[in-house]
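Sequence isn't available, so here's the structure alone:
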């Protein structure tokens, strides 16, 4: 049997983290559930944000969870992919914007 | 996309006993997940008992012009099980005498039964408060002989309930077949044109949403809002309510779950979403399902699994409301589909 760090079945055991620290675990899940409720942003919008963030932090559990959540909400694959491109654009932009720092350094040292 | 029923393919899963075996073995046999019986017993809800009859649901035949991926009936053009006029006459006797407030005709495509119109005309005279026909929409555009169905429904004050898995073409056609979305849109526009689904209209038009894959339906009210917005903006279509229905793991949907290796995960989802409050209102407690050949079942799903009512009365010809009331509902693991989240019934959520 192959050994991996991630097991998809572990996602459904997420709640068990409270077993070893009931107080903090409960506080976390209470907070978590509150975050995703309809507010100034809709639950649907929050689900798409979560999906994009899941890809940014590359969390396999979160990707599974928020792909499923999106499907349940009727979010289309086109909407999901656009959300991912937002994540991709910010990630790519975060690298490239540092290009200014590189350019400044080059100009200073060798301008 | 399938073009033939599991029955026509002589698939293993066309056999209801095989389906029941799958639903009782594996993760439910080894104790990984609790059986439905054990689960409802935890909250002292076993045995489930039938209450006063409110909804009489009649399946007038398994023939359909579509072969939908998720269909629990395994309906299709190749199915020949059709209710005869003699059985319809037996049903009419019951319809005239029952105190049930809702009559619900389903199929297959009920309109394909050659005696459908006669049956609707006769049944509508009984004065039942809510007379539902579950129409797949495309039948209205399938052949000239069906083009006048919107007018026919209107004449008999039929409440039209129609399936629509999504407001986009791709997801709809994936589940229901190529071209289904466009035909459904046209049919909805025609229903709107005669007054169905308009905001103050008494001509009720409701849509049924069921997921296009191995996931549970989202919040019914939110989905309704999204459907209304999209169908209005894109096509000028109006309707009254959206019923979110969970796909039950039987027949063609079970076949899909197994083939796509989603069966265990789906059963986990259903069990984890189990809601004891939904158990109190599951539709089998106030509904009776009549099959094309007149036999009685607790619901349309049990009909397809060939699990008849647990009562001395087995057939519509010997119908006796008093004897049927209080009967123990026949259950298996597919019942988790009706108790997940906000619950699920032919009328949408129950909790």
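Sure thing, it's come through. Nothing here was measured: the structure is a model prediction, and the numbers come from that model.

what about stretch B:91-100, distance to the chain center?
Centroid displacement of stretch B:91-100 relative to its chain, using Cα atoms, centre = their mean, to the nearest Å, is 21 Å.

cool, and stretch A:93-106?
Distance, centroid of stretch A:93-106 to centroid of chain: 25 Å (Cα atoms, centre = their mean).

pLDDT averaged over it - what is it?
For stretch A:93-106, mean pLDDT is 97.

next one: stretch B:124-140
Mean predicted lDDT for stretch B:124-140 stands at 95.

need the residues of the stretch 201-350 of chain B near chain A, please.
B:209, B:211, B:213, B:215-219, B:222-223, B:226-227, B:268, B:272 (Cβ under 8 Å from any Cβ of the partner chain). Just so you know, the C-beta spots here come from the backbone N, C-alpha and C atoms, and that holds for glycine as well.

Up against chain B, what does chain A have?
A:12, A:43, A:44, A:68, A:71, A:72, A:73, A:74, A:76.

what about burial for those residues, which qualify?
Among the residues of chain A next to chain B, those buried by neighbour count (16 or more other Cβ atoms under 10 Å in any protein chain shown) are A:44, A:68, A:71, A:72, A:73, A:74.

among the residues you listed, which two are most distant?
The span of those, defined through Cβ to Cβ, is set by A:44 and A:68 at 14.2 Å.

three-state assignment of residue B:51?
Here residue B:51 is coil, with the state taken from DSSP: H, G, I helix; E, B strand; the rest coil.

Verify the stated contact: it with residue B:286.
Yes. Residue B:51 lies in contact with residue B:286 (Cβ atoms under 8 Å); the separation is 5.4 Å.

So for the two, which sits in the more crowded spot?
residue B:286 (18 against 13; other Cβ atoms under 10 Å in any protein chain shown).

Surely the more buried one and residue B:57 touch.
No. Residue B:286 is not in contact with residue B:57 according to Cβ under 8 Å; the separation is 10.7 Å.

what pLDDT, on average, does the lengthiest helix in chain B get?
Of all the segments of type helix in chain B, defined by DSSP state H, the longest one is helix B:220-235. The average pLDDT within helix B:220-235 is 96.

Show me which residues of that helix are buried.
Buried-residue list, helix B:220-235, by 16+ other Cβ under 10 Å: B:220, B:222, B:223, B:224, B:226, B:227, B:228, B:231.

Next up, the contacts around the third one.
Shown here is residue B:223, whose contacts under the criterion Cβ atoms under 8 Å, 6 or more residues apart in numbering or on different chains are A:73, A:74, B:209, B:217, B:242, B:244.

give me that answer again for 6 Å
Counting by Cβ atoms under 6 Å, 6 or more residues apart in numbering or on different chains, residue B:223 makes contact with A:74, B:209, B:242, B:244.

now those residues as JSON lines including pLDDT?
Below are the contacts of residue B:223 laid out as JSON lines (pLDDT from 0 to 100):
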{"residue": "A:74", "pLDDT": "94"}
{"residue": "B:209", "pLDDT": "95"}
{"residue": "B:242", "pLDDT": "97"}
{"residue": "B:244", "pLDDT": "96"}
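
In strands, which of these fall?
B:209, B:242, B:244 (DSSP state E).

was I right about the last one contacting residue B:220?
Yes. The pair residue B:244 / residue B:220 is scored as a contact, 4.0 Å apart, by Cβ atoms under 6 Å.

Need the overlap of contacts for these two.
By Cβ under 6 Å, 6+ apart, the residues touching both residue B:244 and residue B:220 are residue B:348.

and the residue of chain B found nearest chain A, helix, strand or coil?
Closest residue of chain B to chain A, Cβ to the nearest Cβ: residue B:218 (4.1 Å). The three-state label given to residue B:218 by three-state DSSP is coil.

my read: it touches residue A:72, true?
Yes. Using Cβ under 6 Å, residue B:218 makes contact with residue A:72 at a distance of 4.1 Å.

Give me the common contacts of these two.
Counting by Cβ under 6 Å, 6+ apart, no residue touches both residue B:218 and residue A:72.

Would you show me how to pick out the buried ones of the ones in strands among the contacts of residue B:223 in PyMOL?
Selecting only the buried entries of the ones in strands among the contacts of residue B:223 in PyMOL, with 16+ other Cβ under 10 Å as the criterion:
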select buried, chain B and resi 209+242+244
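
now the ones in strands among the contacts of residue B:223 as a markdown table including distance to residue B:17?
As requested, the ones in strands among the contacts of residue B:223 are arranged in a markdown table below (distance: Cβ to Cβ, whole Å):
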| residue | distance to residue B:17 |
| --- | --- |
| B:209 | 31 |
| B:242 | 35 |
| B:244 | 30 |
